[in-house]
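**Q** Below is the structure, and that's it, no one-letter string:
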Ligand code: ADP
C-alpha cells in the first residue's frame, strides 16, 4: 500500500548520520598501517618498459587521502618528453606483442585476473585510501574491474575475421582483424581500477601496447595493477603508466594525441577534456574512443512500483557518493506520485546513507574527491535554492570533503543542477505530467550516456526504452553496468563502446585481402 504523506516544503526533515570515525587520529593510524601492510603493491614511481622510473625532471606531485586530506605520498610528475619515451617503448614492445597468439595473450590476462583476485582485499584498501569510497564499494569496483580482464581474456580468442563469398572464381576475398598498434589512455579518478581494466584489458587482448596516464588523484591503483601485470608475465613495454600532476596533464595528453606513433586514444572523463583530445587527435587522424560526461534522466511513471524506483535511485544516485557518469542526474517523477515518491526516498536516504571514512564499515557515503568537487555541489545547491527549489534533506558541507546526501524538490529546467552533471550526493527531483513531456525533457540535452525508466507497464517500457536517446538504458534497473554489457554514450557523451562483444573493436583494424589469380 502506498502511504500518502505530504512533505513540508521547506523543512529539513531528516538528519543524516555522520560516522565519528573520520577523526584524523583514526585515519593517520589507518594510513600508516595500510601503506605498511600493502607495501609490495604500493609504488611511488611510474612504470615504463617494465622499469619503475622517476620523472626525467626529478619532479614529483603529492597525492592526498580525500577523507582526511592527509598526504599519502609523492608520485613522479612526468612531462611531454617522458611521455615520448614511453610511446617509443610501447612501439618497440608492439613488434613482438602483436605477433603473439591470441591464446598466449589470453593466458597472461588470465594470470593477471588470478593475481588481482588473490590481492583483491589489498587493492581495495589502496583504492579506498586514495579515492575515499567505502571499502565494500572498492571490493565491488574490483569485482567489476577484474571482470573486464576476465572477459577480454576470453574474448581475445574470439576475434574472427570473414571469408566473403566471391563473385569471381579466380579471387578469394578475406577480412582480417589486426591490432591497431600503440594506444594512449587517459583515465579518471572515480573508478581508479575499473577504468583501466576496461581499456587496457581489450587493448592488450587485441595485441596492442598501452601508454596510460591515470588521474592525478588516484595513481596508486594504476601502479598496483602494473605490479600484478608484470607478475602475470606481461612483457616489458606492453603496459606503461606515465604519472603526472594536474598541471602536466594537458602536456602529456597532447603528446599522446599528437604522436604519429600512437594509433588510438581512449579517454574517460569530462566532456570538456574529451573534446580537447578529439581536436588534438585530428592532426594524425587517430581513432578516438571517448566516454565523456552524462546528464542521466531517471523517469518514474505513475505506473512504477515505487519501492523498486526508490531502490533504483538509491543505487544509481548514491553509489560512489554520486560520482559516476551514469548516476541519476535528473530524477523526473510523474505528478500523481510526486509526493509519495519524495516521502519514500527521504525515508530510505535517512535510514541507509551514512557519511564517513571509507574504512569505517558503517560508512556508505565517502568524501567527494577534492575541494573543487565539494564547491561544485555547494554552488549547484545554492543556485537551486535561490531559484525556488526546496531542500528536504542535507544541503550542507561537512568537515573536509564530505557533503551531506541531499534531496531537493521543485527543481525546474532552468536550474544548474538540472542542466549540469552534478557528480555528488544530490538527488534533484523534477515533476512532469505526461509521457510526451517526460521524453521531451529527458532527450533535451547534449549528453546521451545513460537514462533510466521505471514503469510496470510493458508497452510503456518498450516505448520509452526505444525513444530515449542514450547509449545505456536501465528499465526498472539503476545499476546496468557489467563487463558482459556494452558501455558508452550517444551525442556528446562519447564515441565507441567499451565492454561486451563490441569492446575490442576500438583496438582492432580491419583489413580486406583479395587473393587473385587462382585457377
Ligand atoms: P574531472 O574534472 O572529473 O577530474 P577530467 O576530465 O578533468 O575530469 O579528468 C579526467 C582525466 O583527464 C584525468 O586523468 C585528468 O588528469 C585528465 N585531464 C585533465 N585535463 C586534461 C587535458 N587538458 N588533457 C589531457 N588530459 C587531461
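**A** It's in. Given the structure is predicted, the values throughout are model-derived calculations rather than measurements.

**Q** Skipping adjacent residues, who's closest to residue 236 in space?
**A** Using C-beta to C-beta, 6 or more residues apart in numbering and skipping the chain neighbours, the partner closest in space to residue 236 is residue 50 (2.8 Å). Where C-beta positions appear, they are placed from N, C-alpha and C, glycine not excepted.

**Q** you'd agree that neighbour is up against residue 230?
**A** Yes: counting by C-beta atoms under 8 Å, residue 50 touches residue 230, with 6.5 Å between them.

**Q** can you list residues touching both of these two?
**A** Among the neighbours of residue 50, none is also in contact with residue 230 (C-beta atoms under 8 Å, 6 or more residues apart in numbering).

**Q** Quick check: the residue in the stretch 51-200 of the chain that the ligand sits nearest to vs residue 112, distance?
**A** Of all residues in the stretch 51-200 of the chain, the one sitting closest to the ligand is residue 188 (4.3 Å; C-beta to the nearest ligand atom). Distance of residue 188 to residue 112, computed by C-beta to C-beta, to the nearest Å: 21 Å.

**Q** go on, residue 334?
**A** Taken as C-beta to C-beta, the span from residue 334 to residue 112 is 47 Å.

**Q** of these two, who's got more company?
**A** residue 112 (27 against 22; other C-beta atoms under 10 Å).

**Q** How confident was the prediction at that one?
**A** Per-residue confidence (pLDDT) for residue 112: 98.

**Q** try residue 39
**A** Taking residue 39 on its own, its pLDDT is 74.

**Q** quick one: it from the ligand, how far?
**A** According to C-beta to the nearest ligand atom, to the nearest Å, residue 39 stands 25 Å off from the ligand.

**Q** what's the neighbour count on that residue?
**A** Look at residue 39: counted by other C-beta under 10 Å, it has 10 neighbours.

**Q** Does residue 336 touch residue 303 like I think?
**A** No: using C-beta under 8 Å, residue 336 is not in contact with residue 303, being 10.2 Å away.

**Q** neighbour count winner among the two?
**A** Higher neighbour count among residue 336 and residue 303: residue 303, with 16 against 11, using other C-beta under 10 Å.

**Q** Kindly confirm my reading that the more buried one forms part of a strand.
**A** No: going by DSSP: H, G, I helix; E, B strand; the rest coil, the assignment for residue 303 is coil, not a strand.

**Q** Now whichever residue of the chain sits closest to the ligand. Its backbone dihedrals?
**A** In the chain, the residue that lies nearest the ligand is residue 253 (2.3 Å; C-beta to the nearest ligand atom). Dihedral angles of residue 253 (phi, psi; degrees, to the nearest 10) stand at phi -60, psi -40.

**Q** Now do the buried residues in stretch 167-185.
**A** Using 16 or more other C-beta atoms under 10 Å as the burial criterion, the residues of stretch 167-185 that qualify are 173, 177, 179, 180, 181, 182, 183, 184, 185.

**Q** Next: stretch 147-161.
**A** Buried, per 16+ other C-beta under 10 Å, within stretch 147-161: 147, 148, 149, 150, 151, 152, 153, 155, 156, 159.

**Q** and those, which two are the farthest apart?
**A** Of all pairs drawn from these, the one with the longest distance (C-beta to C-beta) is 147 and 159, at 19.3 Å.

**Q** Point out the residues in this protein that sit beside the ligand.
**A** Within the chain, the positions near the ligand by C-beta under 6 Å from any ligand atom are 186-188, 213, 215-216, 246, 249-250, 253, 269-270, 273, 276.

**Q** From the chain's centroid, how far away is the helix or strand where residue 87 lies?
**A** Using DSSP states H and E, residue 87 sits within helix 80-97. Taking the mean of its C-alpha atoms, helix 80-97 sits 26 Å from the chain's own mean (C-alpha atoms, centre = their mean, to the nearest Å).

**Q** Please work out which residues outside that helix touch it.
**A** Residues contacting helix 80-97 (C-beta under 8 Å, 6+ apart): 46, 48-49, 55-56, 76, 105, 179, 181-182, 184, 207-211, 213, 235-238, 240, 242, 251-252, 254-256, 259, 261-262.
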